[in-house]
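[1] Starting from these lines, generate the structure:
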Amino acid sequence: QGEGGSEKEEEQPSMSAFYSMTARMNEFHWMVDEFFEVSKRGSTISTEIRAGTASFLTLSYLLLVNPQVMGKAGLKNEDVVTATCLSCAIPTIIVGLFGNLPFVMAPGLGLSAFFTYGLVIRPAGATGMSWQQGLSCVFAAGVIMLVLSGSFMVQRTMRFVPDHIKLATIIGIGLLLATIGFESAGIINHGEIADLFAVSSWSMWVSIAALLIMGVMNFYQVPGSIVIGVVGAALALWGGKNSWPSKYVELPQLADTWLKLSFDYTSMDPSTAIPAIATFLLVALFDCSGCLIGLSMKAGLITNINQPIPRGTWALLAASLGTMLAALTGCSPIIIAVECTAGIIEGGKTGITALTAAAFFLLSLFFAPLFGAIPIEASAPVLVLIGSMMMREVSQIQWEKGQVAIPSFLTLALMPLSHSISNGIWFGMGSAAFIGLFTNKTIRRCLGSNDVSLEEHHEEEEEGMLPGFISHPDRDGSMRSSMDFDHSGREASARYSDDTAFITNRR
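    Numbering: from 1, shown residues only. Down below sits the predicted model:
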């Protein structure tokens, strides 16, 4: 009995420690739940962690593709991997911790393509810039976006851009990405189809096979279909060329890209630098505004498009700060990643989803050699696939209206034809302003036209076709939502979050 009593006395401290640890864990769980409003938003911590994992897996292809695109401009692939991881993780932490939003921040592939093929590698006869100067343009765009976001001027800026130009920009970026993908895979050389049956074309067929396989997996909504396709193609190309990576893991490095941007704007051609900064800024604003609304509705944070998004400004501030960080480290501008729809579909509603994805990006810092060694032919099919997905916006443009069709067509056609996003935007904006001015019913009435009814005038007002595209009060006198894409854009932004298979932007 004495021995049994002593054993019970020994068990009591251990049980007491166990209960104490359990109580502390429960208290921590409660504190996390309260801070992130997990239960209040109808979620659980485990669901949020699973959602963050899904968002990262959907976005992880960027670590394979973005270094290949940026590397063509002269940046070292391994350094771009590190820059991409940091530029994703840090702004995502800001969004999750301060904004309590389930959004993941990431570089836009369309902006990466513009950086490489629109600024550095330009068509023959065009004046390009060094990648260091290109990064300074990225930094300048981030600073301007930070000022606009901090002063709540984003909504006012976006009101000057017609909805059909926003949609046509997305389509044009998709066509440009697909063009770059075809060229990177070797399918198109100098505007002509390559010899598909030459012995040296086997790597091109690997790209085609990867594209088709990813398309089938995407149809069946296989999780991580893009990553599976890229990895499979990379293994085939490594094996066929016997060029396996020499290293798989190493400490993060940024020696060749850290603080390499050039702030000497006087040495740049203003005709190139100013449109570049404006393009980075406008495209980032298009993406962030649309995704912020659509993803918030999908997550249940708002129930209609006119509601203010809780702490939504933090997402714009994070994109701005992330863009500035990207310029300092060697990456393209940062936007809200529409791919995080995957996490929202898994049930993500709070910042824990964002913090989980950010943790995975930080862990990926140590695998830069592996990501940087992915062959360009393995990542090229992703650009084509994403380009095809961005074509769905075509149906949202009212092609039967001449004042909409011509500017939209100029926007989306000139981007791939000139390998420049900025050319498409400026031709589209200019033509929209000119045609909108001379076809506006208000102007026609002033000129004495008798074919303008009051109903037609109200209809045109609702379509945002007033002179100069300046927004106006609704008929009840209230101003529209600060980030209202109106009609076609409204449908598009809401549809951004409708299924995880669809990857836009940009990308």
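[2] Check the spacing between Ile171 and Phe28 real quick.
    48 Å (C-beta to C-beta, to the nearest Å). Yep, even glycine has a C-beta here, placed from its N, CA and C like the rest.
[3] What mean pLDDT does the host helix or strand of Val80 get?
    Per DSSP states H and E: Val80 is located in helix 77-94. Taken as a whole, helix 77-94 carries a mean pLDDT of 92.
[4] Mind giving me the packing neighbours of the next helix or strand after it?
    Remark: after helix 77-94, the chain's next helix or strand is strand 105-107, criterion DSSP H and E. Strand 105-107 sits against helix 62-71, helix 77-94, helix 313-329, strand 334-336, with contacts defined as 3 or more C-beta pairs under 8 Å, 6 or more residues apart in numbering; DSSP states H and E.
[5] in what helix or strand does Phe286 lie?
    helix 270-299.
[6] Which one, of the helices and strands packed on strand 105-107, ends up nearest to Val32?
    When the helices and strands packed on strand 105-107 are compared by C-beta to C-beta, helix 77-94 sits nearest Val32, at 15.3 Å.
[7] tell me what the closest one is packed against?
    With contacts defined as 3+ C-beta pairs under 8 Å, 6+ apart, helix 77-94 has these neighbours: helix 62-71, strand 105-107, helix 313-329, strand 334-336, helix 351-363, helix 368-372.
[8] could those go into CSV alongside mean neighbour count, mean pLDDT and distance to Val227?
    Below are these laid out as CSV (neighbours: other C-beta atoms under 10 Å; pLDDT from 0 to 100; distance: least, C-beta to C-beta, whole Å):
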stretch, mean neighbour count, mean pLDDT, distance to Val227
helix 62-71, 26, 86, 7
strand 105-107, 31, 93, 14
helix 313-329, 25, 93, 22
strand 334-336, 31, 90, 20
helix 351-363, 25, 93, 13
helix 368-372, 22, 78, 11
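[9] May I see those arranged in a markdown table, with distance to Phe286 as well?
    Formatted as a markdown table, the helices and strands packed on helix 77-94 follow (distance: least, C-beta to C-beta, whole Å):
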| stretch | distance to Phe286 |
| --- | --- |
| helix 62-71 | 19 |
| strand 105-107 | 15 |
| helix 313-329 | 12 |
| strand 334-336 | 9 |
| helix 351-363 | 22 |
| helix 368-372 | 28 |
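[10] picking that back up, ok, Ile171 and Phe28, which is more surrounded?
    Neighbours per residue (other C-beta atoms under 10 Å) separate Ile171 from Phe28, with Ile171 holding more: 26 against 10.
[11] Excluding chain neighbours, what is closest to that one?
    Excluding the flanking residues, the one nearest Ile171 by C-beta to C-beta, 6 or more residues apart in numbering is Leu412, at 4.4 Å.
[12] quick one: what helix or strand has the one you found in it?
    Assessed by DSSP H and E, Leu412 sits inside helix 402-418.
[13] which secondary structure elements does that helix contact?
    Secondary-structure packing of helix 402-418 (3+ C-beta pairs under 8 Å, 6+ apart): helix 163-185, helix 421-439.
[14] Buried residues, it. List them.
    Across helix 402-418, burial judged by 16 or more other C-beta atoms under 10 Å covers 403-405, 407-416, 418.
[15] picking that back up, select, out of the helices and strands packed on helix 402-418, the one closest to Gly71.
    In terms of C-beta to C-beta, the element of the helices and strands packed on helix 402-418 nearest to Gly71 is helix 163-185, at 11.1 Å.
[16] Quick check: next helix or strand after the closest one?
    That would be, after helix 163-185 and using DSSP H and E, strand 188-189.
[17] For that following strand, which helices and strands make contact with it?
    In terms of contacts (3+ C-beta pairs under 8 Å, 6+ apart), strand 188-189 is packed against helix 163-185.
[18] what's the angle from the helix it packs on to helix 421-439?
    Angle between the axes of helix 163-185 and helix 421-439 is 150 degrees (criterion: axes from the mean of the first three to the mean of the last three C-alpha atoms, to 10 degrees).
[19] which residues of the stretch 401-507 of the chain score low on pLDDT?
    441-507 (pLDDT under 70).
[20] Now do the end-to-end distance for stretch 121-131.
    Distance across stretch 121-131, first residue to last, is 9 Å (C-alpha to C-alpha, to the nearest Å).
[21] So for that stretch, mean pLDDT?
    The pLDDT scores in stretch 121-131 average 70.
[22] And the helix or strand where Asn218 lies, what does it pack against?
    Under the criterion of DSSP H and E, Asn218 resides in helix 202-219. When contacts are defined as 3+ C-beta pairs under 8 Å, 6+ apart, helix 202-219 packs onto helix 163-185, helix 225-241, helix 376-389.
[23] can you redo those as CSV with distance to Leu261 and mean pLDDT?
    Listed next are these as CSV, based on distance: least, C-beta to C-beta, whole Å; pLDDT from 0 to 100:
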stretch, distance to Leu261, mean pLDDT
helix 163-185, 23, 83
helix 225-241, 29, 86
helix 376-389, 25, 83
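[24] Any chance of those in CSV with distance to Met429 as columns?
    Below are the helices and strands packed on helix 202-219 laid out as CSV (distance: least, C-beta to C-beta, whole Å):
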stretch, distance to Met429
helix 163-185, 6
helix 225-241, 32
helix 376-389, 22
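[25] how about these, which one is nearest Ser395?
    In terms of C-beta to C-beta, the element of the helices and strands packed on helix 202-219 nearest to Ser395 is helix 163-185, at 9.6 Å.
[26] quick one: that closest one to chain centroid distance?
    13 Å (C-alpha atoms, centre = their mean, to the nearest Å).
[27] For it, output the C-alpha coordinates as PDB.
    C-alpha atoms of helix 163-185 as PDB (Å, rounded to 0.1, in the frame of the first residue of the first chain):
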ATOM      1  CA  ASP A 163     -15.300  48.600 -67.600                       C
ATOM      2  CA  HIS A 164     -14.800  47.300 -71.100                       C
ATOM      3  CA  ILE A 165     -11.200  48.500 -71.100                       C
ATOM      4  CA  LYS A 166     -10.600  46.700 -67.800                       C
ATOM      5  CA  LEU A 167     -12.000  43.500 -69.200                       C
ATOM      6  CA  ALA A 168     -10.100  43.900 -72.500                       C
ATOM      7  CA  THR A 169      -6.900  44.400 -70.600                       C
ATOM      8  CA  ILE A 170      -7.400  41.000 -68.900                       C
ATOM      9  CA  ILE A 171      -8.000  39.300 -72.200                       C
ATOM     10  CA  GLY A 172      -5.100  41.100 -73.900                       C
ATOM     11  CA  ILE A 173      -2.800  40.000 -71.100                       C
ATOM     12  CA  GLY A 174      -4.000  36.400 -71.600                       C
ATOM     13  CA  LEU A 175      -3.200  36.600 -75.300                       C
ATOM     14  CA  LEU A 176       0.200  38.000 -74.500                       C
ATOM     15  CA  LEU A 177       1.000  35.200 -72.000                       C
ATOM     16  CA  ALA A 178      -0.100  32.600 -74.500                       C
ATOM     17  CA  THR A 179       2.100  34.100 -77.200                       C
ATOM     18  CA  ILE A 180       5.100  34.100 -74.900                       C
ATOM     19  CA  GLY A 181       4.300  30.500 -73.900                       C
ATOM     20  CA  PHE A 182       4.200  29.300 -77.600                       C
ATOM     21  CA  GLU A 183       7.500  31.100 -78.300                       C
ATOM     22  CA  SER A 184       9.100  29.700 -75.100                       C
ATOM     23  CA  ALA A 185       8.100  26.200 -76.000                       C
END
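[28] now the angle from it to helix 376-389?
    160 degrees.
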